[in-house]
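Colleague: got a sequence here, can you model it:
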Amino acid sequence: MNKNLKFSVAGLIVMVTSLPLFAQSPDSASLEYGIGKDTKLVRVGAQWQWERQWLRSKNGHLGGYWDLSVAKWRQSRYQDQFGISRDITAVGLTPIFQYQANGKTGMFGEAGIGVYRLSSLYDNSGHQLSTKFQFGDHLGVGYRFENAWEASVKLQHFSNGGIKHPNGGVNYLLVRVAKKF
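Modeller: Numbering: from 1, shown residues only. Just a heads-up that it's a prediction; the model follows:
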């Protein structure tokens, strides 16, 4: 089995095995805006919290959630041509681990690695992604307020993990707001 097929099958397995989770209503919704080199991202998402808590102490614990999202990427230098733009839609599913305070408010840190499917190949400002299947990993920090809103900032990197070249990668700095239901 070639490398591309292995990673595609792995991504499909993750999505299919998590389908029963999405029969439930989401616990929160989010909106994100991000910038990268000659590209911008706007993303909406729905989140399902995990009931499980690990490494619980008197101050915090490790928990997490599933994030299902749809994003629009705007390439502003398509095929490295100034003034030529192109949009890509990205659908993703990411398990996210979050270290958070035990109460309903406070600071948190999070990390996740998910799978994404792009509507077309990315070719912008000298960076190319040769597959529509991508991994998206991120690190972020944020704050959860008493009114169930949260705000965070994160760095996210998209890459196909070396499945096929070229694989220039795409990086974003994102600002996120979310509301728990």
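
Colleague: CA atoms for contacts and neighbours, from now on please.
Modeller: Noted.

Colleague: can you give me the helices in the chain?
Modeller: Along the chain, counting by DSSP state H, helices occupy 3-17.

Colleague: quick one: low-confidence parts of it?
Modeller: 1-22 (pLDDT under 70).

Colleague: that one: strands as residue ranges?
Modeller: Counting by DSSP state E, the chain has strands at residues 28-36, 39-49, 60-75, 86-101, 106-118, 123-124, 127-128, 133-144, 149-159, 170-180.

Colleague: now these as CSV including mean neighbour count?
Modeller: Shown next, in CSV, are these (neighbours: other Cα atoms under 10 Å):
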stretch, mean neighbour count
strand 28-36, 18
strand 39-49, 20
strand 60-75, 20
strand 86-101, 20
strand 106-118, 19
strand 123-124, 21
strand 127-128, 18
strand 133-144, 20
strand 149-159, 19
strand 170-180, 19
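
Colleague: how much space between the residue in the chain sticking out farthest from the centre and residue 179?
Modeller: What lies farthest from the middle of the chain is residue 58; by Cα atoms, centre = their mean that is 29.7 Å. Distance, residue 58 to residue 179, using Cα to Cα, to the nearest Å: 25 Å.

Colleague: and residue 170, by the same measure?
Modeller: 27 Å.

Colleague: likewise for residue 105?
Modeller: Distance from residue 105 to residue 179, by Cα to Cα: 13 Å.

Colleague: and stretch 69-76, how far out from the chain's middle?
Modeller: 12 Å (Cα atoms, centre = their mean, to the nearest Å).

Colleague: ok, stretch 34-54 next?
Modeller: 4 Å.

Colleague: straight-line length of it, end to end?
Modeller: So stretch 34-54: terminal residues 30 Å apart, Cα to Cα.

Colleague: contact partners of that stretch?
Modeller: For stretch 34-54, contacts defined as Cα atoms under 8 Å, 6 or more residues apart in numbering pick out 21-22, 25-33, 61-77, 124-125, 170-175.

Colleague: same question for stretch 139-156.
Modeller: By Cα under 8 Å, 6+ apart, stretch 139-156 touches 104-112, 136-138, 171-181.
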